[in-house]
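1. fold the stuff below for me.
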Amino acid sequence: MARIARLTELPLAECRRLISGYRTEQRYRVEKSESETETRITLTLEDLPQPYVKLFDAEEELESLYPDFVAQGLSFGAWEDGQMVGIAICERREWNNTLWLWELHVQNGLRGQGMGSQLIQAVQQLAVEKQFRTVALEAQNMNVPALNFYRKHGFRVEGVDLSLYSNSDLTDGEVALYLKWKVKA
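-> The predicted structure follows:
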């Protein structure tokens, strides 16, 4: 079992190693239909003809945004044998009393062993203790493993952005989904 602890400084080298990407054999196909009386956005799980691999490049965020977020004291790291093997980077959004989860990663080769669950449970417990209204995050329709993980931990899809990444997200097939876990009063 990993040791989970709060972070107050961003360990850049470890983050660069941990924030790597994902592989999936499924996606949620996103479709939109709109008329004068109705707008529908539908997510349908489907198998992909070949695996999809997404590699992350979070260098700009690591240099400019994440150090300030981590300094808030609301982020977590997971350690085994003195090495960081997981990270959850969170930010307080005061205007709507939300804890925003920017990154949740577990080292390749160690996924599926419960460390991600330990990290997300630490984030959820912190949200309860600090009396946040909700924990929110963004994930891609292509990242079915992450979506399944978050759903397993009580998160639900509450929004879709059809142009977060580009003006052709819907056509290109990579769409932003917003998930939330609501703190019980």
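
2. partner strands of the biggest strand by length in the chain and their direction?
-> What stands out as the longest strand in the chain, according to DSSP state E, is strand 39-55. Strand pairing for strand 39-55, using DSSP bridges, gives strand 21-34 (antiparallel).

3. report the distance from the strand it pairs with to the chain centre.
-> In terms of C-alpha atoms, centre = their mean, to the nearest Å, the centre of strand 21-34 is set 15 Å apart from its chain centre.

4. identify each buried residue in that strand, please.
-> By 16 or more other C-beta atoms under 10 Å, the buried positions in strand 21-34 come out as Tyr22, Thr24, Gln26, Arg27, Tyr28, Val30. (C-beta placed from N, C-alpha, C; glycine too.)

5. now that strand: mean pLDDT?
-> On average, the pLDDT along strand 21-34 is 95.

6. check which residues of stretch 39-56 are buried.
-> Counting neighbours by 16+ other C-beta under 10 Å, the buried set in stretch 39-56 is Tyr52.

7. show the average pLDDT along it.
-> Here stretch 39-56 scores 95 as its mean pLDDT.

8. gap between it and the chain center?
-> For stretch 39-56 - counting by C-alpha atoms, centre = their mean - the centre lies 16 Å from the chain centre.

9. ok, residues contacting stretch 78-96?
-> By C-beta atoms under 8 Å, 6 or more residues apart in numbering, the surrounding residues in contact with stretch 78-96 are 2-5, 7, 10-11, 14-15, 18-19, 66, 69-70, 72, 74-77, 99-107, 110, 115-116, 118-120, 122-123, 126, 132-133, 136.
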